[in-house]
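Peer 1: what's the 3D shape of this:
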Amino acid sequence: MSGTATRPIIVIKKKGGHGGHHGGAWKVAYADFVTAMMALFIVLWLMNSSKKIQEAVGGYFKDPSGTGKLAGTSMKGTGEKIEVSKDSMSKLKDDLQTAIHQVQDLNKLKGQIEMTVTNEGLRIELLESASGTFFDSGIPEPNQRGKEALIALAKELGAVPYKISIEGHTDSHPLARHGGEYGNWELSVDRANNARRLMQQSGLRADQVVQVRGYADQQLRKASAPLDPSNRRISLIVEYPAKDSDKDSKTDSAKGSDEEPAKDPDKDSHK
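Peer 2: Residues are numbered from 1 along each chain as shown. The predicted structure follows:
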């Protein structure tokens with residue numbers, strides 16, 4: 001055995017590295033950093049966004065499926081999502097005024113078509129005057145000027161998604177016909193309903209008018225002058241869309257809580 005060569009003992013040392021234990025830790029830390037930065041940018045963006053966008057983003061995190069409160073939009077089931085506000089009603093008011101001024105023979109009556117943005121929406125009033133009327137005295141159907149004004153308004157309002165209420169008002173001049181069975185109440189209702197019929201034939205959608213109301217002389221525009229011609233008027237209320245939760249209460253309040261006294265144009269037999 002002495003002739004057998006002794007094999008050298010080889011010791012292999014593996015260098016210990018940190019890769020086996022810590023190799024992926026930096027990736028996790030980096031991912032956390034990127035996530036935090038994204039969150040920061042989103043917060044900064046939301047702070048400088050409109051209220052509509054903030055509500056939409058907040059609504060998504062509360063209800064990702066979108067079937068809850070539907071936050072971020074005031075309308076459901078329409079082709080476009082429209083945020084209804086006083087600004088949008090003001091723009092509608094400007095568009096309607098422009099349309100009225102373009103109608104032949106109506107520009108001179110622009111002082112008798114008054115539009116006001118209120119808490120219930122856009123109120124459009126066709127006011128009578130001593131020199132200009134929309135209804136002949138005691139007649140429930142609109143005259144030629146009244147037809148032109150109502151048709152022009154119907155063409156514009158038929159293109160918007162808002163609901164409309166129509167009111168008839170008279171002054172305090174007594175009106176008694178057919179043995180006292182036809183007075184200012186009947187006249188105010190008939191004028192409002194005839195306005196509805198004409199407007200639906202001229203552009204309003206069949207389901208757009210939600211109420212037709214007659215007030216006789218119970219909501220005078222000028223209470224101190226009950227016989228003033230401006231008390232005789234037709235009022236169109238372009239309503240803000242009501243939320244499902246308060247739709248009933250809004251309808252009740254719109255029936256006569258804080259509306260201006262209005263009177264239908266034909267109440268006076270003195271014309």
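Peer 1: state the mean pLDDT of stretch 97-104.
Peer 2: Across stretch 97-104, the average pLDDT comes to 76.
Peer 1: show me what counts as buried in that stretch.
Peer 2: If you call a residue buried by 16 or more other CB atoms under 10 Å, then stretch 97-104 has these buried ones: I100, V103. Bear in mind the C-beta positions are built from the backbone N, C-alpha and C, glycine included.
Peer 1: got it, and stretch 157-169?
Peer 2: L157, V160, Y162, K163, I164, S165, I166, E167, G168, H169.
Peer 1: what strands line up against the helix or strand the last one falls within, and which way round?
Peer 2: Applying DSSP states H and E as the criterion places H169 in strand 164-169. Strand 164-169 pairs in its sheet with strand 209-214 (parallel), strand 233-239 (antiparallel), by DSSP bridges.
Peer 1: show me how far the strand or helix carrying I42 is from its chain's centre.
Peer 2: Using DSSP H and E, I42 sits within helix 25-47. Computed by CA atoms, centre = their mean, to the nearest Å, the chain-centroid distance of helix 25-47 equals 39 Å.
Peer 1: again, but for stretch 92-99
Peer 2: For stretch 92-99 - counting by CA atoms, centre = their mean - the centre lies 15 Å from the chain centre.
Peer 1: on that earlier part again, ok, and what's touching the helix holding I42?
Peer 2: Contacts with helix 25-47, where a contact means CB atoms under 8 Å, 6 or more residues apart in numbering, come from I53, Q54, V57.
Peer 1: rerun that using 10 Å as the cut-off
Peer 2: With CB atoms under 10 Å, 6 or more residues apart in numbering as the test, helix 25-47 has contacts from H18, I53, Q54, V57, G58.
Peer 1: buried residues in the strand or helix carrying the fourth one?
Peer 2: Mapping V57 onto the secondary structure by DSSP H and E places it in helix 51-62. Counting neighbours by 16+ other CB under 10 Å, one finds that the buried residues in helix 51-62 are E55, A56, V57, G59.
Peer 1: again with stretch 109-123
Peer 2: The neighbour-count check on stretch 109-123 (16+ other CB under 10 Å) flags L109, Q112, I113, M115, V117, E120, G121, L122, R123 as buried.
Peer 1: run through the bridge partners of the third one.
Peer 2: Which is I113. Once the bridges are assigned, which here means DSSP bridges, I113 pairs with L126.
Peer 1: quick check: it touching I100?
Peer 2: Yes - here I113 reaches I100: they are 5.7 Å apart, a contact under CB atoms under 10 Å.
Peer 1: E181: neighbour count?
Peer 2: 8 (other CB atoms under 10 Å).
Peer 1: now do A25
Peer 2: Quick note: A25 (other CB under 10 Å) scores 10 neighbours.
Peer 1: which one of the buried residues of stretch 109-123 is nearest F135?
Peer 2: Checking these against F135 by CB to CB gives Q112 as the nearest, at 12.2 Å.
Peer 1: next one: the nearest residue to the closest one once chain neighbours are set aside from K222, what distance?
Peer 2: Nearest non-adjacent residue to Q112, counting by CB to CB, 6 or more residues apart in numbering: L127, 4.6 Å away. From L127 across to K222, the span is 10 Å (CB to CB, to the nearest Å).
Peer 1: now for the chain, the helix or strand with the poorest mean pLDDT.
Peer 2: In the chain, no helix or strand scores lower on mean pLDDT, DSSP states H and E than helix 247-254, which sits at a mean of 46.
Peer 1: how's this protein carved up into domains?
Peer 2: 22-62, 86-254 (automatic domain parsing).
Peer 1: those: which one's closest to R7?
Peer 2: Comparing the domains of the chain by CB to CB, domain 22-62 comes nearest, at 37.1 Å.
Peer 1: this protein: helices as residue ranges?
Peer 2: 19-22, 25-47, 51-62, 86-101, 144-157, 184-201, 247-254 (DSSP state H).
Peer 1: which residues are in contact with D95?
Peer 2: E156, L157, A159, V160.
Peer 1: cool, G183 as well?
Peer 2: Here G183 is in contact with T170, P174, L175, A176, R177, A216, D217, K267 (CB under 10 Å, 6+ apart).
Peer 1: buried only: go through the residues you listed for me.
Peer 2: For the contacts of G183, buried by 16+ other CB under 10 Å: T170, L175, A216, D217, K267.
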